[in-house]
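Q: Fold the stuff below for me.
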Amino acid sequence: MKIGITGGAGYIASHIVWDLLELGHEIVILDNLSTGNRKNLPNLANCTFLEGDVGRPEDLDRFLPGLDCVFHFAAWKAAGESMVLPEKYSANNVRGSFLLIERMLAAGITALVFSSSAAVYGDPQYDPIDEAHPRVPVNYYGFTKLLIEENLGWMDRLKGLRFAALRYFNAAGYDVKGRVRGLEQSPQNLLPVVMEVATGQREELQIFGDDYDTPDGTCIRDYIHANDLASAHIAAMNYIVEQKKSITVNLGSEKGLSVKEILTAAREVTGREIPARIVERRPGDPARLVASASRARAQLGWQARHSDAKTLISSMWDVYRVQ
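A: I've put the predicted structure just below:
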């Protein structure tokens, strides 16, 4: 198939680009490089890169012709920033996505794989979180993802658009085959920060509270490897194309790792001290966020295979230590 990927130079999407190419698909990438890294993309005849923006009709008109399916990753994703600059997120995430969908339908493209987020759920009301969990976002970023999901549901019913909305928790790790080597720009998640301390880019790791109701007192999160995310997105594409049905699923390891477990594993893998200091809790941080991925197993035949602590950290360390 000929597949388009918005935000294709980004951290997660670039892993998917490589896997799709290995499967024999033709790829067209649209990315404005605001956060993407051109270094992560292959220089191959069946992979076309277009610098452009989903919010510009003229760029979409260059991108969409001849596509069989679109993967949509182009979005701002910093939850904290979204609460300060909501207009930035409404312009790019919401209006850009709506325009993309409109132009897709006008071009006769009716298959979309959407990179959503567990942020649509908000504060956990029970654990593990399944797809039936109430969707009450606590930040504007999560609201934008929920709004796009709801629009996709309408377009399925009204226009026959088949979509997969994939809600995932904490993406981490780098390509286990070593194909993606460019660092994510301005990362804010735990594992990249740990790597930056290990390489001396930061002085210490701040641990936000050690008095939570968890075995070691630190927060537990469901980390999922980028390669596992890539395989899930491709399985979702195959599902909507073959079954002619839309699907919404969670993606996670279903295990969860605490901050201290990550830190211990990182010290073992890197052989570095990685200084850490306990500081005050951050407001709004739940003690535990873990996914139920039973629907993804049942309907997509998918499960996480690379999302253990050692693989997550060693794959990142292989990239960070040589930068």
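Q: so what's residue 30 closest to, chain neighbours aside?
A: In space, and not counting its chain neighbours, residue 30 is closest to residue 63: 4.4 Å by Cβ to Cβ, 6 or more residues apart in numbering. Placement of C-beta: from N, CA and C, glycine included.
Q: hang on, the one you found packs against residue 51?
A: No. Using Cβ atoms under 8 Å, residue 63 is not in contact with residue 51; the gap is 10.6 Å.
Q: Tell me how many other residues crowd the residue nearest to residue 30.
A: Neighbour count for residue 63, taken as other Cβ atoms under 10 Å: 25.
Q: Residue 185 too?
A: Neighbours of residue 185 (other Cβ under 10 Å): 12.
Q: try residue 281
A: The burial count for residue 281: 14, using other Cβ under 10 Å.
Q: Now do the contacts for it.
A: Contact analysis of residue 281 by Cβ atoms under 8 Å, 6 or more residues apart in numbering lists 208, 209, 211, 212.
Q: which of the residues in the lengthiest helix in the chain are buried?
A: The longest helix of the chain (DSSP state H) is helix 140-159. Across helix 140-159, burial judged by 16 or more other Cβ atoms under 10 Å covers 140-149, 151-152, 155-156.
Q: Identify all contacting residues around the helix or strand that that helix is followed by.
A: Once the chain leaves helix 140-159, the next helix or strand it forms, by DSSP states H and E, is strand 162-168. Applying Cβ under 8 Å, 6+ apart, the external contacts of strand 162-168 come out as 110-118, 120-121, 131, 149, 152, 155-156, 224, 229, 232-233, 236-237, 239-241, 244-252, 291.
Q: again, but for stretch 58-67
A: 2-4, 6, 28, 30, 50, 52-54, 70, 99-100, 103-104, 107, 109.
Q: Repeat the analysis, applying 6 Å as the threshold.
A: Applying Cβ atoms under 6 Å, 6 or more residues apart in numbering, the external contacts of stretch 58-67 come out as 2, 4, 30, 50, 52, 53, 103, 107, 109.
Q: ditto for stretch 210-217
A: When contacts are defined by Cβ under 6 Å, 6+ apart, stretch 210-217 is touched by residues 218, 219, 220, 258, 260, 278, 287.
Q: try it again with 8 Å
A: Applying Cβ under 8 Å, 6+ apart, the set of residues contacting stretch 210-217 is 209, 218, 219, 220, 258, 260, 261, 278, 281, 287, 288.
Q: Just the buried residues of those residues.
A: Among the contacts of stretch 210-217, the ones that count as buried by 16+ other Cβ under 10 Å are 209, 218, 219, 220, 258, 260, 261, 287, 288.
Q: From what I see, the fourth one and residue 291 are in contact.
A: Looking back up the chat, that one is residue 220. No. Assessed by Cβ under 8 Å, residue 220 is found out of contact with residue 291, at 11.8 Å.
Q: Would you mind putting the buried ones among the contacts of stretch 210-217 into JSON lines with distance to residue 13 alongside?
A: Shown next, in JSON lines, are these (distance: Cβ to Cβ, whole Å):
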{"residue": "209", "distance to residue 13": "33"}
{"residue": "218", "distance to residue 13": "30"}
{"residue": "219", "distance to residue 13": "27"}
{"residue": "220", "distance to residue 13": "27"}
{"residue": "258", "distance to residue 13": "29"}
{"residue": "260", "distance to residue 13": "31"}
{"residue": "261", "distance to residue 13": "28"}
{"residue": "287", "distance to residue 13": "31"}
{"residue": "288", "distance to residue 13": "28"}
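Q: Of these, which pair is most distant in space?
A: 209 and 261 (15.1 Å; Cβ to Cβ).
Q: Now do the residue lying closest to residue 181 once chain neighbours are set aside: how many residues are near it, please.
A: Nearest in space to residue 181, with sequence neighbours left out and distances taken as Cβ to Cβ, 6+ apart, is residue 319 at 5.7 Å. For residue 319, the count of nearby residues is 18 (other Cβ under 10 Å).
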